[in-house]
Each structure stands twice: as structure tokens, then as C-alpha cells.
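Enquirer: My questions concern the predicted model and sequence given below.
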Amino acid sequence: MRLTLPLVLCLVIVLGAVAGALAFARNPSAPTMNEWAVGGRRFGTWIFWFVNAGEIYTTFALLGISGYAWAYGAPAYLAFTSVSLACALGYWLMPQIWEAGKRYDLVTQADFFSRHYQAHWLGVVVGLAGITALIVYVQIQLTALTLVFRLTLGAALSPLQAAVLAATVMLAFVYVSGLRSAAFAAGVKDVLMIALVVLLSLTVAAKVGAASMLDVFRRVQDLHPGIGSFPGLDARAGLTSTWLVTAAINVALGTWIFPHMFQLCYAARDADTIRRNAIWQPLYSLSYFFIVLLGFAALLAGTNPPDGNLNAVLLQFVTDRYPAWTVGLLAGTVCLLALVPGSLLLLAASSIFGRNVVLPLRPQLSDAAQVWVARSAMIVFAAIAVWLTLTSNKSLVAIGLSAYAAIGMLAPGVFLAFLWPRTNAKGVFAGLVAGYCVLWLPVAREWFAVLLPEWDPGLVAMGVNALVVAVVSVATPAVNGSTRTS
Amino acid sequence: MDAAQRRPWYRWLLLTPFVWQVGLAPWINDVALRPFGLPFPMAWQMTGVVLTSLAIAVVYRLDRRRKAAATRS
């Protein structure tokens, strides 16, 4: 293994962030479940902002969206649409989740379901469903980390070695002290990402023979008519404005339903912290301007990623056209972009497993033992994600949308909890089953693809799910909801 | 508490991105204008982002004022 400049820079960034994170974490020796999983419920404005941004702006944003801009053009705007929708929705939804969490001392999302619907068995089902979606989301981060490791360490590293190394670093990252340590690294990675994309964008025009940043957009539209509007460059991909509308709504409805977002919500100091965050978070998504710009520039430059892999476009473009230290900076940033959310995802999956799957079976488990079980489960989940990473070669955006589709199945149960007191556990369960059938049974999928072409399959399945929840809830006797606050 | 008090009218402002960025997206897709050289649908989405932040900020302000009024009375 040769110590190249990019490799050294990448190591410095990752190790620096890890060291800082450890210094920032409080009392790592004997964490309680409350401290480990929801940061002691005292996240103020800044920490909350960075962790929230850390979970929205992952490698999906940087590598996925630039790859989409390069391959399809307009469909990359999904990034602008989904964040705004999610924040407007979050302003209304998240304070209510926070309040339920505070009042009933909830730690996980499954806690919310079992408490609100007064059914422990539903908590177990929801817990397992949440873990499934989280593992798919970890897969995204591992795919990106694997790409970076192979770029910086060379092809000497087999895909398996790279993926295992990626998972190990991710585990090490969160193992020591949970949510608080990730918060620090999230701040570092956000500042780095913005600095990096702006830096790359400032010099990009000269690299591709354009007069200015905006000239890159002019040239790419003249060269590829139709790239700037839907359906973009590849009409056969079916990424029309109908796709944008349905995919953006599905992502927005799913964003806060991810179990780690629930946990982040509980971690806020007060509801006002959450509301203020919702005001500023959309503006932050304007930084996607630079990411789309870089994707378009890569297209102008005739970038040719290995195997035509969308996910590698930005890495390839920067390697081709920029100095070595920039490559190192990008590699280090992508590592953090993958590690921070990845570790939070594993953290959420493992705390759900310990609390909502194992504890109902072994109620005498002590708090310390719970943390131990959760930590062991994390290793197993990471291993499953490694296996998924090695067996799939889809684009990051496509994997992301399938993760949102999977988690979207829990959305009716959350939204209806605050909207319709009549909703009950049996209804939520029936809806869940119906939704997964629509999503995963090939027969159902094909049927709906003909009926509603270009629709995001996740949104279709969520619709069916919600309908079934309503019908079954009406048909079964009502049980009083308990977390409703107003 | 009556229904009007529970759900104040201005909360509807939260629908801004749903109308601008989703509802109108298919209608503006083929506009050939290029503001600042950008593809029109991209400029449209970015404008929508700014409007969303503004709308949420207005709702937040009004919520605060309403809460303050409620605690005073």
C-alpha cells in the first residue's frame, strides 16, 4: 500500500473527526440507554441542526445527486423538492412526536407505536420493519465508503475487503458513546462538505472550458437539449414530472418516519428547537445548486466513470481534472458523509432491537444489559449491510428511494396517530402487511406499474396501506389513543 | 377549545412547497426561459426552497405571538 497524498489527507480528516468526537462525548464509560440513544434529551439549536443536516445530507446527496445530474439531468432536482416538503411537514409533525416522547419517556420509534396503540406486539413488528429500512439505508453509506476506499487505496483492495473495512470504521465510530459523539463529527462534515463543493465549483468553469459557473449551465443545455426539464436526458428511464411529484411526496412523508429521525426528534431540548430548525433547513438545501453544477460539469468534461457507475461520477471527475490534494479532501469528506449517518443508523437499529424486540421477550434485562445487547446487534446489522452492498450495484438514489419506500409503510401509523383518534393497532398492522405486499410482490408491483405509470412505487404502496388502515380501523372496535395531546 | 382556535388559518402557509414545488412543477416544466442561464425548472425549484423557508418563518412568528397572547390571558 502506497501512502499517496489523497490517502494521507483522507486519513487525517477521518481520524481528526474521530478524535474530536471522542473528546466531545460525555462520560463514555457507563452510558444509560437514555444517554446513549437520545443524547439525554438536551440537544440545543446547534447540535440539533448539525445532526439533522447530517442525516439529510449524506453520500446520497453528494455522490447520488451529482451522479443523477450527470446521467439524467433534471431528475436531480428531486433534492430541492424533497427537503422543502419534508421541512414544512416536519414543522407540524415533529413537535408532536417530541411531546409524546417527553411525556412517556420514549426512546425509539417502536416505543411510540406500542405506547400510542397500546399494543406491545405492534412495537415488535414496527421495530423489525424499521430495522429493515435502516439496514438498506446503511447499505447506501457502505456503497459510497467502498468506492472511496477503492479510489484512495487502489484496486489492490477487493470489494469485500473495502466493504468490511468500511463497516468496521463505522462501528468503531459509534461504539464508544452514541449520539453525542456523532453530533460533533456531523458538524465537522457539514462544514467540510460546503467548503469543498464551493471550492470545487469556483474553479469548475475553467476545468471544462466554460467562462463562468452559469456558463456551465448554458453550455450543457445547448449541448444536450432537454437536460434541464423533465424527463431529462434518458426518456426511457421514466423520470417525468409525475415521477418528481410522487417521489418527492414519498420522500417527504418518509423522512421523519425513519426510526433514527424519531430518535433525533426525542433528543431535542424543546419543541421550539425543532421548529426553528425547520425554518433554516430548506435554505441549506440550496447548496444542491453546486452539486448539480458539478454533475453537469462532469458531463461537459466527458467524464467516464468505471463501469458507467453513476455513484463514481464525482470522484472520477475530480480525480481527472483537479490536483491530488483536492481528491484527498473529497475522499475524506465522503468518508465522513458516510460514517456519520451510517453510525447513527446503526445506533437506531440496535437500540430498537435491544428495547423493542429483545426486552419484551426478556423483561428482566437490566439497563446495562440492554445497552450490551444493542451493541452486539449493531455488529450483526453491519454485517448484513456489507452483504447487501456486495450483491447490489444500483445507483445511490435508487437504493435511497427503495429505503424510503420501505420506511413509508410506517408513515400511515404515525400520521394517523395525530390526525384520526379512531386508528387502532389492528388497522396499522393490516395496512403494514398490505403495503409490503404492494411493494414487494412482483405481481402487485407490475399491476400498479401499468395502472399508475411513472408513479413512485413507494407512494402507491403507502396509499394502499393508509386505505387499509382506515377500513380495518373502522371495522374493529375502537381503543382510545393515548399520546394525542391536543 | 373550538376547532378554529386549535388549527389557526395561517398554518395553511405550510402548504407553500406542496403547491409551488409539487403542484405547479408539471405546469412550468416546458417554459423555455433561462433565468441567469439556469434551466427554468431548476430556478423554479430553488425559488420554491426560499419561499418555503419564508413561509415556515412566518408561521413560526405567528405561532409565537399566539402562544404569548394565550399565556397572557
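Expert: It's in.
Enquirer: Could you tell me how far the nearest residue to residue A:227 once chain neighbours are set aside is located from residue A:67?
Expert: Residue nearest to residue A:227 in three dimensions, not counting chain neighbours: residue A:73, with 3.5 Å by C-beta to C-beta, 6 or more residues apart in numbering or on different chains. The way it works is simple: take the backbone N, C-alpha and C, and place the C-beta from them, glycine included. The spacing between residue A:73 and residue A:67, counted by C-beta to C-beta, to the nearest Å, is 12 Å.
Enquirer: Name the next helix or strand following the helix or strand of chain B with the lowest mean pLDDT along the chain.
Expert: Of all the helices and strands that make up chain B, helix B:3-6 has the lowest average by mean pLDDT, DSSP states H and E, namely a mean of 53. Downstream of helix B:3-6, the first helix or strand assigned by DSSP states H and E is helix B:16-17.
Enquirer: more crowded one of residue A:73 and residue A:67?
Expert: Using other C-beta atoms under 10 Å in any protein chain shown as the criterion, residue A:73 and residue A:67 rank with residue A:73 on top: 29 against 25.
Enquirer: on that earlier part again, between residue A:73 and residue A:67, which contacts overlap?
Expert: By C-beta atoms under 8 Å, 6 or more residues apart in numbering or on different chains, residue A:73 and residue A:67 have no common neighbours.
Enquirer: I'd like to know how many residues surround the closest residue to residue A:160 other than its chain neighbours.
Expert: For residue A:160, ignoring the flanking residues on the chain, the nearest one in space by C-beta to C-beta, 6+ apart is residue A:390 at 6.2 Å. Neighbour count for residue A:390, taken as other C-beta under 10 Å: 18.
Enquirer: Mind listing what's buried along the helix or strand encompassing residue A:390?
Expert: Residue A:390 is part of helix A:367-391, with elements assigned from DSSP H and E. Neighbour-count burial for helix A:367-391, counted by 16 or more other C-beta atoms under 10 Å in any protein chain shown, picks out A:370-371, A:373-375, A:377-378, A:381-382, A:384-386, A:388-390.
Enquirer: if we look at it, which residues are touching it?
Expert: Contacts of helix A:367-391 (C-beta under 8 Å, 6+ apart): A:30-33, A:36-37, A:131, A:134-136, A:138-139, A:142-143, A:146, A:159-160, A:163-164, A:166-167, A:170-171, A:174-175, A:346-347, A:349-351, A:353-355, A:358-359, A:365.
Enquirer: Buried only: go through those residues for me.
Expert: Here, 16+ other C-beta under 10 Å leaves A:31, A:33, A:36-37, A:131, A:134-136, A:138-139, A:142-143, A:146, A:163-164, A:166-167, A:170-171, A:174-175, A:346-347, A:349-351, A:353-355, A:358-359 buried among the contacts of helix A:367-391.
Enquirer: From those, which land in helices?
Expert: Using DSSP state H, the members of the buried ones among the contacts of helix A:367-391 that fall within helices are A:33, A:36-37, A:131, A:134-136, A:138-139, A:142-143, A:146, A:163-164, A:166-167, A:170-171, A:174-175, A:346-347, A:349-351, A:359.
Enquirer: Measure how far the helix holding residue A:390 is from the centre of its chain, please.
Expert: Centroid separation for helix A:367-391 versus its chain: 18 Å, with C-alpha atoms, centre = their mean, to the nearest Å.
Enquirer: Please state the offset of the helix or strand sitting right after it along the chain from the chain centre?
Expert: Next helix or strand after helix A:367-391 toward the C-terminus (DSSP H and E): helix A:396-408. Put simply, helix A:396-408 sits 9 Å off its chain's centre (C-alpha atoms, centre = their mean).
Enquirer: Mind checking if helix A:396-408 is in reach of chain B?
Expert: No. Under the criterion of C-beta under 8 Å from any C-beta of the partner chain, helix A:396-408 makes no contact with chain B; the nearest approach is 15.7 Å.
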